[in-house]
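Visitor: Sequence first, then the predicted structure, then my questions.
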Number of protein chains: 4
Amino acid sequence: MTITEDIRSTISSVREEVAALHAELPANGLVVWTAGNVSARVPDADLLVIKPSGVRYDELGAESMVVVDFDGNLVEGNHSPSSDTAAHAYVYKHMAHVNGVVHTHSTYATAWAARRESIPCVLTMMADEFGGDIPVGPFALIGDDSIGRGIVETLTGHNSPAVLMAQHGPFTIGKSAKAAVKAAVMLEEVARTVHIARTLGPVNRLDQTDIDSLYARYQNVYGR
Amino acid sequence: MTITEDIRSTISSVREEVAALHAELPANGLVVWTAGNVSARVPDADLLVIKPSGVRYDELGAESMVVVDFDGNLVEGNHSPSSDTAAHAYVYKHMAHVNGVVHTHSTYATAWAARRESIPCVLTMMADEFGGDIPVGPFALIGDDSIGRGIVETLTGHNSPAVLMAQHGPFTIGKSAKAAVKAAVMLEEVARTVHIARTLGPVNRLDQTDIDSLYARYQNVYGR
Amino acid sequence: MTITEDIRSTISSVREEVAALHAELPANGLVVWTAGNVSARVPDADLLVIKPSGVRYDELGAESMVVVDFDGNLVEGNHSPSSDTAAHAYVYKHMAHVNGVVHTHSTYATAWAARRESIPCVLTMMADEFGGDIPVGPFALIGDDSIGRGIVETLTGHNSPAVLMAQHGPFTIGKSAKAAVKAAVMLEEVARTVHIARTLGPVNRLDQTDIDSLYARYQNVYGR
Amino acid sequence: MTITEDIRSTISSVREEVAALHAELPANGLVVWTAGNVSARVPDADLLVIKPSGVRYDELGAESMVVVDFDGNLVEGNHSPSSDTAAHAYVYKHMAHVNGVVHTHSTYATAWAARRESIPCVLTMMADEFGGDIPVGPFALIGDDSIGRGIVETLTGHNSPAVLMAQHGPFTIGKSAKAAVKAAVMLEEVARTVHIARTLGPVNRLDQTDIDSLYARYQNVYGR
């Protein structure tokens, strides 16, 4: 595709945004070593900006980010894109309202994913942020579009911006990359809290009418 | 209400105090993202100073704090007040000795709240700080005064400065905002320690006479 | 007692040492708020240097430390001594080889103390540092010498420099204040590791001959 | 052995590398106090560079590192080598492809080691990094070559770069010291995640064909 001057300038600011958001992953304890990534859609272009493969978080600047198209072809960048790029690209291609995607192996969310167990909506902050249970996606191997398809099929028609890919880990989406990062942070928080609650006894799901009412209010206030 | 020069000067110092205390929440691991808030009563006025809604902890200065009256009307400030303002205001209106309120979703306290289970007084430091069990409050939806009422009804006549609102999270009160923050910190500490103790076996409540004696001594020394 | 120039100079360096060691408590995650303290015996004097009561760790300098005699009388200092001073003093009075004492409510050690359960010696690093199980001391109320007596009676004739005071928390001793701090750090580490091991199944105690051999070698190398 | 100028220059850069990698141990929460160590083989010499005994991580520079031969004899350095040197040396002597070794008592890995239970391969990131289960090695006392032999015998012919030495703790190996540190970090991450998953129910091992396929792809991309 042809990259106009306008798009080049947009890419430059998306690179800054995505680089800055990567700092939230270690700051919020969601990742170790290089095992997590943030991407953002480039507005008005079928492009995304994503973390390079194998680079440590403290070495990531705007200039090290990678730009690829939705078929995963390298458009701009000095590094290889993250191994998870195909999954991110698939989401942008098939979910037009999504402008940011985050993948981590954050500990408690991954523990629920390991058991292939969805997180029941037992806390008001879960109702606020996720609007119900946090669902499990299929087991899928890296290498083709099966992870991307699993994310899209699980989240389509679902309030939750987070999916727990079976025996793998969570992906979150958002109307911006920042919203997807917030969802990744809140996901780990509720995954941890509900896990800890459950270790000493059962916890009841909230009533559906309460969940719906909390979710409607919160989305209205914070306008996701 | 009319705001005199004296009150304006008082508000200014309460803003500083409340802004500084917010830094304790992430420093003590009680919050992620923007999910917790501290307020203080403005002495000699039916006003309170509270965190603005949706602002990150590292962006909070004295100038970003919001001043509201006890009906939740904005009196001073460039941001919307926290969504939890009505609950804070209700407490100040109905508990004259309370000058500070803190709300968090700290992990272990919220886990007890999720199970609607009070924390039994099994440690001397719990007797010191809380004077007995830490009680559970009712399940209440945000939007009217039901959270505030639940806090006040549960804590009235109770030694504990902390209440676990069912399937929501903790609120703490204090004779100062700093005391309410200390209570929030100590609550999470005892919630975590008792949880961990209980995962490997039962723990016995302290004798009531020992609890009373420890509480009386501690309140005398630290003069809450 | 008369304080000579020599002792005054010694006190000054002990104040520096004890102030610096207090920084290890929050750095190693052993304390929240003000709930832990380090003391050191003043060589050639029946005096000890200890943390002042109610002062935060980031406000503690050498000058804020308090000097008391073994009956708890204030000898030097601008603050009240820690509430736990009587327990520290009792230990120095009755255990001549002890030159440092530490008290915390570190989470996992306190959880074992809450259940009144000693930590079994199941790891080589426990054999190295503690030479066997870590024992539980009696339940004792603050206010007289019963905590001090409980520590001394439990640790006398025992390899372990750490005791878990029932439903209260740990005390550790050492031939220096630094050694007592190291014992507090290693105690929490083994308390946490053995707790976590036990949550998924039983763990076997090491053979006594292996424990003795590991302990003898380690004490020889690090010459506690 | 004779140390040529070339080797002296190589040693100097290995010292820098090993000193810098030690900072990763506390930064990733793998160690407390002085209880963990990294070593690297000196290329083209039967020598290794290792942490000195009993020195704190914040006091470790390139100049404090110790150089020993494969029989544990001190070749260069102002401190005694780590107590674990014999185990590291044994590995270099018997595994020619190993150029880095790390030993820690990281909490969750040590908890599995305490129960003498291997970590089952239930997550895609375990298949990627470890190529299968993480095995348990024998119980072995320090003082002769039995720890080294246990490591070598367990890891020979095994995909995993990590072994859980029974009731002791983990050792990891790598084609470089950095790779061994990465393995130590990822080991603790998977040990923690699988532990947490298992506390609320069973977790299924991945299919062997999926494990093999994930491992082959990952080793190809990151070329360990």
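Guide: Right, received. Where do you want to start?

Visitor: tally of neighbours for the residue lying closest to A:A166 once chain neighbours are set aside?
Guide: In space, and not counting its chain neighbours, A:A166 is closest to A:F139: 4.1 Å by Cβ to Cβ, 6 or more residues apart in numbering or on different chains. From N, CA and C alone the C-beta is placed, and that goes for glycine too. A count of neighbours around A:F139, defined by other Cβ atoms under 10 Å in any protein chain shown, yields 19.

Visitor: swap in A:G77?
Guide: 17.

Visitor: Contact partners for it?
Guide: A:P52, A:S64, A:M65, A:V66, A:V67, A:V68 (Cβ atoms under 8 Å, 6 or more residues apart in numbering or on different chains).

Visitor: follow-up on the earlier one: the residue nearest to A:A166 reaches A:T154, doesn't it?
Guide: No: A:F139 sits out of contact with A:T154 when judged by Cβ atoms under 8 Å, with a separation of 11.9 Å.

Visitor: Between the two, which contacts overlap?
Guide: If you check A:F139 and A:T154 against Cβ under 8 Å, 6+ apart, no residue is contacted by both.

Visitor: How about whichever strand or helix holds A:Y108 and chain C, any contact?
Guide: For A:Y108, the enclosing helix or strand under DSSP states H and E is helix A:107-114. No: with Cβ under 8 Å from any Cβ of the partner chain as the criterion, chain C is not reached by helix A:107-114; the gap is at least 13.0 Å.

Visitor: So which residues make contact with that helix?
Guide: A:118-119, A:134, A:136, A:162, A:164-170, A:187-188, A:191-192, A:195, D:122-123, D:189, D:192-194, D:196-197, D:200, D:203.

Visitor: and if you look at stretch A:134-153?
Guide: Taking Cβ under 8 Å, 6+ apart as the rule, stretch A:134-153 contacts A:83-84, A:86-91, A:94-95, A:112-113, A:116-119, A:121, A:126, A:154-155, A:158, A:160, A:162-168, A:171, A:173, A:187, A:190-191, D:124, D:210, D:213-214, D:217.

Visitor: Out of those, name the ones that lie in strands.
Guide: Of these, the ones assigned to strands by DSSP state E are A:A162, A:V163, A:L164, A:M165, A:F171, A:I173.

Visitor: quick one: which of those is nearest to C:A20?
Guide: A:A162 (44.9 Å; Cβ to Cβ).

Visitor: list the buried ones in the biggest helix by length in chain A?
Guide: Secondary structure of chain A per DSSP state H: the longest helix is helix A:177-199. Going by neighbour count (16 or more other Cβ atoms under 10 Å in any protein chain shown), the buried part of helix A:177-199 is A:177-199.

Visitor: Please list only the buried members of the ones in strands among the contacts of stretch A:134-153.
Guide: A:A162, A:V163, A:L164, A:M165, A:F171, A:I173.

Visitor: Closest one to chain C out of those residues, please.
Guide: Each of those was checked against chain C using Cβ to the nearest Cβ; the closest is A:L164, at 21.8 Å.

Visitor: Please name the residues that touch the closest one.
Guide: Neighbours of A:L164 in contact, by Cβ under 8 Å, 6+ apart: A:A109, A:T110, A:W112, A:A113, A:S118, A:I119, A:I134, A:P135, A:V136, A:G137, A:P170.

Visitor: do you know how far it is from A:D84?
Guide: 15 Å (Cβ to Cβ, to the nearest Å).

Visitor: And the helix holding A:Y108, how far out from the chain middle?
Guide: 15 Å (Cα atoms, centre = their mean, to the nearest Å).

Visitor: average model confidence for that helix?
Guide: When pLDDT is averaged along helix A:107-114, the result is 98.

Visitor: what kind of secondary structure is the residue nearest to A:A166 in?
Guide: With DSSP: H, G, I helix; E, B strand; the rest coil as the basis, A:F139 sits in coil.

Visitor: where's it relative to A:A113, distance?
Guide: From A:F139 to A:A113 the distance is 10 Å (Cβ to Cβ).

Visitor: got it, and A:V49?
Guide: Counting by Cβ to Cβ, the gap from A:V49 to A:A113 is 26 Å.

Visitor: In TSV, list the contacts of A:G77 along with pLDDT and neighbour count.
Guide: Below are these laid out as TSV (pLDDT from 0 to 100; neighbours: other Cβ atoms under 10 Å in any protein chain shown):
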residue	pLDDT	neighbour count
A:P52	95	19
A:S64	95	16
A:M65	96	28
A:V66	97	24
A:V67	97	22
A:V68	97	22
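
Visitor: just those now: which is nearest chain B?
Guide: Distances from chain B to those, taken by Cβ to the nearest Cβ, are shortest for A:M65, at 22.7 Å.

Visitor: what sits against the closest residue to the closest one other than its chain neighbours?
Guide: The shortest distance from A:M65 to any non-neighbouring residue, by Cβ to Cβ, 6+ apart, is to A:R15 (4.5 Å). Neighbouring residues of A:R15 by Cβ under 8 Å, 6+ apart: A:V49, A:A62, A:E63, A:M65, A:V67.

Visitor: go again using 6 Å as the cut-off
Guide: A:R15 makes contact with A:V49, A:A62, A:M65 under the criterion Cβ atoms under 6 Å, 6 or more residues apart in numbering or on different chains.

Visitor: likewise A:T154?
Guide: A:P135, A:G137, A:V163.

Visitor: if we go to 8 Å?
Guide: A:P135, A:V136, A:G137, A:P138, A:V163.

Visitor: how about those residues in TSV, adding distance to D:G77 and pLDDT?
Guide: Converted to TSV, those look like this (distance: Cβ to Cβ, whole Å; pLDDT from 0 to 100):
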residue	distance to D:G77	pLDDT
A:P135	56	98
A:V136	53	98
A:G137	53	98
A:P138	55	98
A:V163	52	98
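
Visitor: List, one by one, the residues from chain A near chain B.
Guide: Close to chain B, as judged by Cβ under 8 Å from any Cβ, chain A has residues A:28, A:122-125, A:182, A:185-186, A:189, A:192-194, A:196-197, A:199-204, A:206, A:210, A:213-214, A:217, A:221-222.

Visitor: can you do 6 Å?
Guide: Counting by Cβ under 6 Å from any Cβ of the partner chain, chain A comes close to chain B at A:122-125, A:182, A:185, A:189, A:192-193, A:196-197, A:199-201, A:203.

Visitor: and chain D, which of those residues reach it?
Guide: A:T199.
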